[in-house]
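S.K.: can you look at this prediction? I've put the sequence above it.
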Amino acid sequence: MHVTHKVLSTVDIVIIGIYFLIVFAIGFYFSRKDRSSTDYFLASRNVGWFAIGASLFVSNISTEHFIGLAGSGASTGLAVGHFEWLACLILLILGWVFVPFYLRSNVFTMPEFLERRFNRSCAVYLASISIIAYVFTKISVHLYAAAVVLERVVGWSPLTAAVVLVIATGIYTIAGGLAAVIYTDLVQTLILIFGAVVLTLMGLHEVGGFAGLRAAVPPDYFHMIKPATDPDFPWTGIFFGAPILGIWYWCTDQVIVQRVLSARDEGNAKAATIFAGFLKILPVFILVLPGLIAVALYRDLFRFGPNGQVLNGDIAYPTLIVNLLPTGLVGLMVAALLAALMGAMSSVFNSASTLVTLDFYKKVRPDASEKNLVNFGRAATGVMVLLGLLWVPFIHLISSQLYIYLQSVQAYISPPISACFILGILWPRLNGAGAITSLLAGFVMGAARFIMELKDRAAGVPYFTSSAARWLIDMNFLHYAILMFVLCSGVLIFVSLMTPAPDRRRLAGLTFATVADKIDLPTTGVPV
């Protein structure tokens, strides 16, 4: 008999309890040390490469990766792993291309960098869209995925799971700031990897090794390169569209970049990106592969469509946990899932509060004391959590595969931001007018596709019937990202050439052409 739920034993509960004690102890240790906004938001800019690399990994890997990557593995095979392996290369671009500019300009946030390169309007846009993106693609998805796991594994109601986890994560994040987040991430990385490796090895043993797995699932599950007509992962989208999403996420997103900004020097920041890149090799083997194993072992628990595709792949990982793991290891695996969730969610909370505090509150009240900045940052997380909870019921309107939902929403946000950052450091002729026009054009294009797709899915039948609308909605999200990037880049270049060139003195240290110019750091902003 295959089970779908499991009751936690005393040993399991004790293991989970020990995990919570360690996390809270780290959080409160740093809550006693943090004093200034630099301490709170950037961990005093004194963190080493190992802790930053681990934090980069666990800030990225959350419960939705356990659910979504395994779910996509169960539904379509290993192809979804392209996003993980691509990150290995994009992280090197972060370390060797972008980080020197960020550290040289002494910024706290990505909108602050965009303000120095272009203008204040671009900073307001990026801060606003980042916070919206955190609600749509991070907080709500983290909570939803955690609720799926905990409901299936231990029988908690989704609402109970969401509330408990938000409160627990909020406590140590609010108390300790970025230092608490990074050093709890270090512990959580070890727990996460150990738990996932144990489950994968047990699953492979049960299915009869790789030979048994290959015999039990369709051959195309092992094809990493899919045809250009594939609905989810066409090779054209993977090679040309996914890097656009990757550069936005790994090189310009506050949640990720804030970790490397906390490095004690440029060498530690670069070493951290290398370490995180090596860690990103693992998810294909410890998160995607278990999806294939679940289909091979528990085929009767999955629903299949008319073409044989799995319709409910998101149950793959919880199914393995409750059926394969003995007492004690269930508690360890739940702790690993909680570690993934709380690590990623705490990172989002801290980064969102940094954006709200330094890019909005600090601009309105430039004379605010360090204590006021920290207290306002702590208070800002609550609103983000509420917005995330409100969005959870709508997630499955986009895609039954959670990870594809996450990537598709990012595809509607990332192209104009990637265009401004990439072209902005390459060509000093580009100006603020071109950048804000490009960002707004991209927002309109992304919002149009997002709203049309929501209406189409909610209707149950094709809501839009015109050929132009169907072409827009049915286009693969990675192909749409390519289209948006090309158009937004064109708008950025055209408008910049039609308007006055920026003052070269303002661009000192912000582009490759002006990298050697003397940097005149502004006297306003957060003290360092």
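M.R.: Received it, and whenever you're ready, just let me know what you need. Numbers count the residues shown, from 1 in each chain.

S.K.: for the stretch 151-300 of the chain, what spans make up the helices?
M.R.: For the stretch 151-300 of the chain, the helices defined by DSSP state H, counting those that start in this stretch cover 158-207, 209-216, 235-236, 242-247, 254-261, 266-279, 283, 289-297.

S.K.: in a markdown table, list those helices along with distance to residue 331 and mean pLDDT.
M.R.: Backbone N, C-alpha and C define where each C-beta goes, glycine included. Formatted as a markdown table, the helices of the stretch 151-300 of the chain follow (distance: least, CB to CB, whole Å; pLDDT from 0 to 100):
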| stretch | distance to residue 331 | mean pLDDT |
| --- | --- | --- |
| helix 158-207 | 10 | 77 |
| helix 209-216 | 27 | 87 |
| helix 235-236 | 41 | 90 |
| helix 242-247 | 35 | 90 |
| helix 254-261 | 29 | 87 |
| helix 266-279 | 24 | 92 |
| helix 283 | 23 | 90 |
| helix 289-297 | 18 | 90 |
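
S.K.: Throw those into CSV and include distance to residue 151 and mean neighbour count, thanks.
M.R.: Below are the helices of the stretch 151-300 of the chain laid out as CSV (distance: least, CB to CB, whole Å; neighbours: other CB atoms under 10 Å):
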stretch, distance to residue 151, mean neighbour count
helix 158-207, 6, 21
helix 209-216, 27, 14
helix 235-236, 36, 16
helix 242-247, 29, 22
helix 254-261, 26, 26
helix 266-279, 29, 20
helix 283, 23, 25
helix 289-297, 17, 26
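
S.K.: so which of those helices gets nearest residue 90?
M.R.: Residue 90 sits nearest to helix 242-247 of all the helices of the stretch 151-300 of the chain, at 4.0 Å, using CB to CB.

S.K.: contacts for the closest one?
M.R.: For helix 242-247, contacts defined as CB atoms under 8 Å, 6 or more residues apart in numbering pick out 82-83, 86-87, 90, 93, 407, 410-411, 414-415, 418, 421-422, 478, 481-482, 485.

S.K.: residues contacting the nearest residue to residue 81 once chain neighbours are set aside?
M.R.: Nearest residue to residue 81, sequence neighbours excluded (CB to CB, 6 or more residues apart in numbering): residue 284, at 3.6 Å. By CB under 8 Å, 6+ apart, residue 284 lies in contact with 78, 81, 84-85.

S.K.: flag every buried residue along the helix or strand residue 12 falls within.
M.R.: Using DSSP states H and E, residue 12 sits in helix 10-31. Using 16 or more other CB atoms under 10 Å as the test for burial, helix 10-31 gives 12, 15-16, 19, 22-24, 26-27, 30-31.

S.K.: kindly indicate which of those lies nearest residue 327.
M.R.: Nearest to residue 327 among those is residue 12, at 6.4 Å by CB to CB.

S.K.: report pLDDT for the closest one.
M.R.: Looking at residue 12, its pLDDT reads 84.

S.K.: what about it, distance to residue 429?
M.R.: Distance of residue 12 to residue 429, given as CB to CB, to the nearest Å: 61 Å.

S.K.: what do you get for residue 354?
M.R.: The value you get for residue 354 to residue 429, if CB to CB is used, is 31 Å.

S.K.: which of these two has more neighbours?
M.R.: The neighbour comparison of residue 354 against residue 429 (other CB atoms under 10 Å) goes to residue 354, with 28 against 14.

S.K.: what's the weakest-modelled helix or strand in the protein?
M.R.: Between all helices and strands in the chain, the lowest mean by mean pLDDT, DSSP states H and E belongs to helix 37-42, at a mean of 64.

S.K.: helix or strand next in line after it, which one?
M.R.: Towards the C-terminus, the helix or strand next in line after helix 37-42, according to DSSP H and E, is helix 49-60.

S.K.: hmm, who's touching that following helix?
M.R.: 87, 91, 181-183, 185-186, 188-190, 192, 255-256, 259-260, 262-263, 267-276, 279-280, 339-340, 343-344, 347.

S.K.: tell me the contacts of residue 325?
M.R.: Residue 325 makes contacts with 199, 202, 333, as judged by CB under 8 Å, 6+ apart.

S.K.: the second one contacts residue 324, doesn't it?
M.R.: When you say that, I think you mean residue 202. Yes - counting by CB atoms under 8 Å, residue 324 is a contact partner of residue 202 at 5.1 Å.

S.K.: what about the closest residue to residue 334 other than its chain neighbours, distance to residue 276?
M.R.: Excluding the flanking residues, the one nearest residue 334 by CB to CB, 6+ apart is residue 16, at 5.8 Å. Counting by CB to CB, the separation of residue 16 from residue 276 is 27 Å.

S.K.: need the contact list for the residue lying closest to residue 54 once chain neighbours are set aside.
M.R.: Of all residues not flanking residue 54 in the chain, residue 189 sits nearest, at 4.1 Å (CB to CB, 6+ apart). Residue 189 sits next to 54-55, 57-58, 279, 339, 343 when contact means CB under 8 Å, 6+ apart.

S.K.: which helices and strands does whichever strand or helix holds residue 390 pack with?
M.R.: Under the criterion of DSSP H and E, residue 390 resides in helix 370-391. Under the contact definition 3 or more CB pairs under 8 Å, 6 or more residues apart in numbering; DSSP states H and E, helix 370-391 sits against helix 37-42, helix 140-154, helix 158-207, helix 329-356.

S.K.: let's have those in a markdown table, adding distance to residue 128.
M.R.: Listed next are these as a markdown table, based on distance: least, CB to CB, whole Å:
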| stretch | distance to residue 128 |
| --- | --- |
| helix 37-42 | 19 |
| helix 140-154 | 17 |
| helix 158-207 | 22 |
| helix 329-356 | 9 |
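
S.K.: among those, which comes closest to residue 442?
M.R.: Residue 442 lies closest to helix 329-356 among those, at 19.1 Å (CB to CB).

S.K.: can you give me the buried ones in the closest one?
M.R.: Buried residues in helix 329-356, defined by neighbour count with 16+ other CB under 10 Å: 329-356.

S.K.: and residue 447, how many neighbours?
M.R.: With other CB under 10 Å as criterion, residue 447 counts 12.

S.K.: residue 386 now?
M.R.: Counted with other CB under 10 Å, residues neighbouring residue 386 total 12.

S.K.: report pLDDT for it.
M.R.: Here, the pLDDT recorded for residue 386 equals 72.

S.K.: for residue 139, see how far away it is.
M.R.: According to CB to CB, residue 386 stands 10 Å off from residue 139.

S.K.: about what we covered before: reformat the contacts of residue 189 as TSV; add distance to residue 157.
M.R.: Shown next, in TSV, are the contacts of residue 189 (distance: CB to CB, whole Å):
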residue	distance to residue 157
54	32
55	31
57	30
58	26
279	33
339	22
343	23
